[in-house]
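Q: Show me the folded form of this:
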Amino acid sequence: MQGSVVTKLKSPSPSQQHRQPWTETEDRLLFSSEKSDSQLAREIGRTPKAVLHRRRLKGIRKRPTSRPWTKKELDLLGTMPDHKVAALTGRSLSAIQTRRITVLGLPCVSGKFREWTPEEDQLLGKYPDGILAKRFNCAAATIAMRRRQLSIAAYHPENARYWTAAEEKLLGTDTDPQIARKLGRSVKSILHHRSKLGIPAHPLDRQAIAQRARRTWEERKRKFGHCVVDPEDKPWTSGQDKLLGTRPDEVIARKLGRSTNAVSTRRQQMKIPLFGRQFQPWTPEEDKLLGTQADAILAGQLKRSALDVRWRRRTLNIQPFADDGRKPWMESERRLLGTATDKRIAERLRRTPQAVRYERVRLKIRAVIEQAWKPEEMALLGTMRDERLARKIGRNVKSVQAQRNKHGIPCFNPRQKFWRPEDDKILGTRPDEQIAALLGRSTYATATRRRNKGIPMFQSNNRR
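A: From the prediction side, this is the model:
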């Protein structure tokens, strides 16, 4: 007699179960059960959405979303925190809170309603809130709330050390850092206790201020480099100002004993040009032309740099030409309109195609439509680089790339060699090194091709 083998079938998941057809037993549960869709879904192993859809399909009214409250559940409300009641009753936290507040009007059980003893209040602030929370069997937030109600500061290692009368007499007699070093306390503690007692800070003398500024400058210099200005720089004299611009800034800096950055900053503040650059004063006639044309065009007319023109215009608070941000059109640019497509002219002039089209339409110039591709042009795709082909046939580079990609033609690669059928026939007939030398390929490429074709490696028969 053969023993029967019992196999334990794995129950399908709810996502798999809801795809299976509904049985008569499940339909009877829908009609007779008073449970909610979520509870019924967990019972029959389906998703709540599947139960909802089946119930609507059968015309069954919606089940109550909550079960009736029992006397035991109502007695638990207000005796412990809401999350513990929710865990014991199997209800949601929002349902517990709604029932306790709206129906019964019971307060929340937390540290706010905890009965504190005088002994517990005396320990507040003398130990960390976390340690007291474990000792009193409550939350750390409860300890902090009670401590704030009694205006008790949080525990700090220095709180255990009380201030003496002799220590308080020292406050305000010297700077806070000096008193902190004397008393072995932190500067923050000294500042807090001095402010609490209403004692003014000790005034700093000029030497102390200079020393502090020097220390700050040294720290910033180590962090940011030599670009930080030295606070001990002496004021500039008229004789030193006359030297600016007469020689390079590095030479002036060494001569005056200052940093190069300080000399350069002072020269720019005095609006003195850099040494070696010829300074051409601005005339009233030139100032009148500012803002009437673009800075680049006006710079060419005045034989100045565009940066110099823009700097002069901004100094005189003159608005730039074409304040709407549009670049003015030159006559040489307008002559190109209509000679090619708007997109190609936009690339040549470094403008947007919309700007080119707007100016062309305004001047009533007919547009140039790109012609269809000819068979001889199609035959050239992939035979050379796209940029070279675009110049040869007079088209846009992107147009050439789009047409090549449209027909699935690979880009031109002069180093790429395609394998021919006659090349594949000699693979494996000789060592890979010899075949690579015959075909003008690398040994690695030859061996890779042979392995991809499933051809075994050449083995000589002259073995002894």
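Q: for the stretch 151-300 of the chain, what are the low-confidence residue spans?
A: In the predicted model, the stretch 151-300 of the chain carries pLDDT under 70 at residues 156-160, 205-206, 217, 220-234, 276-279.
Q: Hmm, I typed the wrong one, I wanted the stretch 301-450 of the chain.
A: 322-326, 413-416.
Q: Mind doing that once more with 90?
A: Under the criterion pLDDT under 90, the flagged ranges of the stretch 301-450 of the chain are 301-426, 428-449.
Q: And the helices in it?
A: According to DSSP state H, counting those that start in this stretch, the stretch 301-450 of the chain carries its helices in the segments 306-315, 331-334, 342-349, 353-362, 375-379, 386-393, 397-406, 421-425, 432-439, 443-452.
Q: and Pro48, which of the ones you listed is closest to it?
A: Using C-beta to C-beta as the measure, helix 397-406 is the one of those that comes nearest Pro48, at 49.2 Å. For the C-beta atoms, the positions are set from N, CA and C on the backbone; glycine is no exception.
Q: What are the buried residues along that closest one?
A: Of the residues in helix 397-406, those with enough neighbours to count as buried (16 or more other C-beta atoms under 10 Å) are Val397, Ser399, Val400, Gln401, Gln403, Arg404.
Q: For Arg46, grab the count of nearby residues.
A: Residues near Arg46, counting by other C-beta atoms under 10 Å, number 24.
Q: Check Ala95 too.
A: Per other C-beta under 10 Å, the neighbour tally for Ala95 reads 16.
Q: For it, I want the exact helix or strand it lies within.
A: helix 93-98 (DSSP states H and E).
Q: Give me the helices and strands touching whichever helix or strand comes after that helix, please.
A: Later in the chain than helix 93-98, the nearest helix or strand by DSSP H and E is helix 118-123. Packing partners of helix 118-123 (3 or more C-beta pairs under 8 Å, 6 or more residues apart in numbering; DSSP states H and E): helix 129-136.
Q: hmm, 10 Å instead?
A: Judged by 3 or more C-beta pairs under 10 Å, 6 or more residues apart in numbering; DSSP states H and E, helix 118-123 is in contact with helix 129-136, helix 140-149.
Q: May I see those helices organised as CSV, with mean neighbour count added?
A: Below are the helices and strands packed on helix 118-123 laid out as CSV (neighbours: other C-beta atoms under 10 Å):
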stretch, mean neighbour count
helix 129-136, 16
helix 140-149, 17
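Q: Tabulate these in JSON lines, adding columns for distance to Gln319 and mean pLDDT.
A: Output for these, formatted as JSON lines (distance: least, C-beta to C-beta, whole Å; pLDDT from 0 to 100):
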{"stretch": "helix 129-136", "distance to Gln319": "63", "mean pLDDT": "82"}
{"stretch": "helix 140-149", "distance to Gln319": "59", "mean pLDDT": "81"}
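Q: Make CSV from these and add distance to Val85 to it.
A: Below are the helices and strands packed on helix 118-123 laid out as CSV (distance: least, C-beta to C-beta, whole Å):
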stretch, distance to Val85
helix 129-136, 21
helix 140-149, 18
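Q: and of the ones you listed, who's closest to Trp373?
A: Ranking the helices and strands packed on helix 118-123 by distance to Trp373, with C-beta to C-beta as the measure, places helix 140-149 first at 75.1 Å.
Q: angle of the closest one against helix 129-136?
A: Interaxial angle of helix 140-149 relative to helix 129-136 (axes from the mean of the first three to the mean of the last three C-alpha atoms, to 10 degrees): 110 degrees.
Q: Show me what the next helix-or-strand element following helix 140-149 is packed against.
A: Moving toward the C-terminus from helix 140-149, the next helix or strand (DSSP H and E) is helix 165-170. On a contact count with 3+ C-beta pairs under 10 Å, 6+ apart, helix 165-170 meets helix 176-183, helix 187-197.
Q: Just put the ones you listed in TSV and tack on distance to Thr164 and mean neighbour count.
A: Output for the helices and strands packed on helix 165-170, formatted as TSV (distance: least, C-beta to C-beta, whole Å; neighbours: other C-beta atoms under 10 Å):
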stretch	distance to Thr164	mean neighbour count
helix 176-183	10	16
helix 187-197	11	15
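Q: can those helices go into TSV with extra columns for distance to Arg388?
A: As requested, these are arranged in TSV below (distance: least, C-beta to C-beta, whole Å):
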stretch	distance to Arg388
helix 176-183	73
helix 187-197	72
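Q: re the thing from before, and the buried residues of helix 397-406, which is closest to Arg348?
A: Comparing the buried residues of helix 397-406 against Arg348 with C-beta to C-beta places Val397 closest, at 12.1 Å.
Q: pretty sure that closest one is touching Cys411, no?
A: No. The pair Val397 / Cys411 is not scored as a contact, 11.9 Å apart, by C-beta atoms under 10 Å.
Q: Are there residues contacting both of these two? Which ones?
A: By C-beta atoms under 10 Å, 6 or more residues apart in numbering, Val397 and Cys411 have these common neighbours: Arg385, Asp386.
Q: In a markdown table: the buried residues of helix 397-406, plus distance to Glu26.
A: As requested, those are exported to a markdown table (distance: C-beta to C-beta, whole Å):
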| residue | distance to Glu26 |
| --- | --- |
| Val397 | 66 |
| Ser399 | 64 |
| Val400 | 65 |
| Gln401 | 61 |
| Gln403 | 61 |
| Arg404 | 61 |
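Q: hang on, the earlier thing: comparing the helices of the stretch 301-450 of the chain, which comes out most buried?
A: Using mean count of other C-beta atoms under 10 Å, the stretch among the helices of the stretch 301-450 of the chain with the largest mean neighbour count is helix 342-349, at a mean of 18.
Q: Which of the helices or strands spans Asp287?
A: Assigned by DSSP H and E, Asp287 falls within helix 284-289.
Q: what mean pLDDT does the helix holding Ala95 have?
A: For helix 93-98, mean pLDDT is 79.
Q: List the buried residues of it.
A: By neighbour count with 16+ other C-beta under 10 Å, helix 93-98 contains the buried residues Ala95, Ile96, Gln97.
Q: Skip the chain neighbours and tell me the closest residue to Arg104.
A: Careful, residue 104 is Leu and not Arg. In this structure, Leu104 finds its nearest non-sequential neighbour in Leu77, 5.9 Å apart by C-beta to C-beta, 6 or more residues apart in numbering.
Q: residues contacting Ile272?
A: Asp241, Lys242, Leu243, Leu244, Gly245, Thr246, Arg266, Phe279.
Q: give me the element it is part of.
A: Using DSSP H and E, Ile272 falls within no helix or strand.
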